[in-house]
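In: give me coordinates for this.
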Amino acid sequence: MNLSNIITRVKLKLGLINIATPFVNLDEAIVEIINSITLPDFSIYYPAKETIRIHTKDLQRIEKEETYETFLLPEFKERKLLYVFDVTYDDSCLSGLGYYGGGMPLIAGSTINQAMLANASASLISMMLPKLTFEFIAPRTLRIWNMYSSSKLKIDMGMEHDKSLATIPDTCRGSFLDLLILDVKDNLYPTFKQYSEINTAIGNINLKIDDWANAESERKDLINQWNDTYHLDLPNPQYYY
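Out: Got it, this is the predicted structure:
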């Protein structure tokens, strides 16, 4: 999504386009509402899904026991880490049996045979070893059990969306706008209610914002609705119990 486009749509929806308001810069006020209120809450229900591939030697290990190890994930300075959905072995590094793990084709047989052998070996190892399980402890602690086969991991995460809104897919635009419009109403209402009319070049405009007084209640209803359904859209984390 595009931040400028979203701001324009909010102003059009609320009848605030091209009119003077009590705010020196209405666009900046809306951006502040997005960054401090709407985006953090929206990201909890519809996070940005990202994957990193990383070797445990590149992580800070803070605990090592017989059956598990605990690491600190990288510190994401610009965006907050909210969830770890899954932790699996990076297939390209599984026991050295990736595509290039079978030796040189001219020496040890055809490339196709090596690839078939590598895939069969990886599948056999996967069946024999205990399932890798984990627990994510906010803000960035990751505890991993049964890490016997490889130290290179693929970690599927849920992140707070970027402030540019570029990480929010268009399929989520409607949900994001629903929350943002209620946030704008709720946070601008205390100021706007002090003005019955706004002076413009073409005359006085009645803002008719009486319904904005219900924005806080409507927001709570929307959040309750999301609380009942958002988990259906998220992967199921493989926690260890």
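
In: report how many residues lie close to I54.
Out: Per other Cβ atoms under 10 Å, the neighbour tally for I54 reads 16. For the C-beta atoms, the positions are set from N, CA and C on the backbone; glycine is no exception.

In: in which helix or strand does it reside?
Out: If you go by DSSP states H and E, I54 is part of strand 48-55.

In: which residues does that strand contact?
Out: Strand 48-55 is contacted by residues 74, 79, 85, 90, 151-162, 167-168 when judged by Cβ atoms under 8 Å, 6 or more residues apart in numbering.

In: now with 7 Å?
Out: Identification of contacts with strand 48-55 by Cβ atoms under 7 Å, 6 or more residues apart in numbering yields 90, 151-159, 161, 167.

In: go on, stretch 137-146?
Out: Residues beyond stretch 137-146 that count as contacts (Cβ under 7 Å, 6+ apart) turn out to be 67-73, 75, 81, 84, 87, 130-136, 240.

In: rerun that using 8 Å as the cut-off
Out: Taking Cβ under 8 Å, 6+ apart as the rule, stretch 137-146 contacts 62-63, 67-76, 80-82, 84, 87, 129-136, 153, 155, 240.

In: rounded mean pLDDT for the strand holding I54, please.
Out: Strand 48-55 carries an average pLDDT of 95.

In: would you mark the buried spots in it?
Out: Buried residues in strand 48-55, counting neighbours by 16 or more other Cβ atoms under 10 Å, are found at 48, 54.

In: measure the residue lying closest to L16 once chain neighbours are set aside to K80 for me?
Out: Leaving out its chain neighbours, the residue that sits closest to L16 by Cβ to Cβ, 6 or more residues apart in numbering is L26, at 6.4 Å. Going from L26 to K80 by Cβ to Cβ, to the nearest Å gives 27 Å.

In: much appreciated, bye for now.
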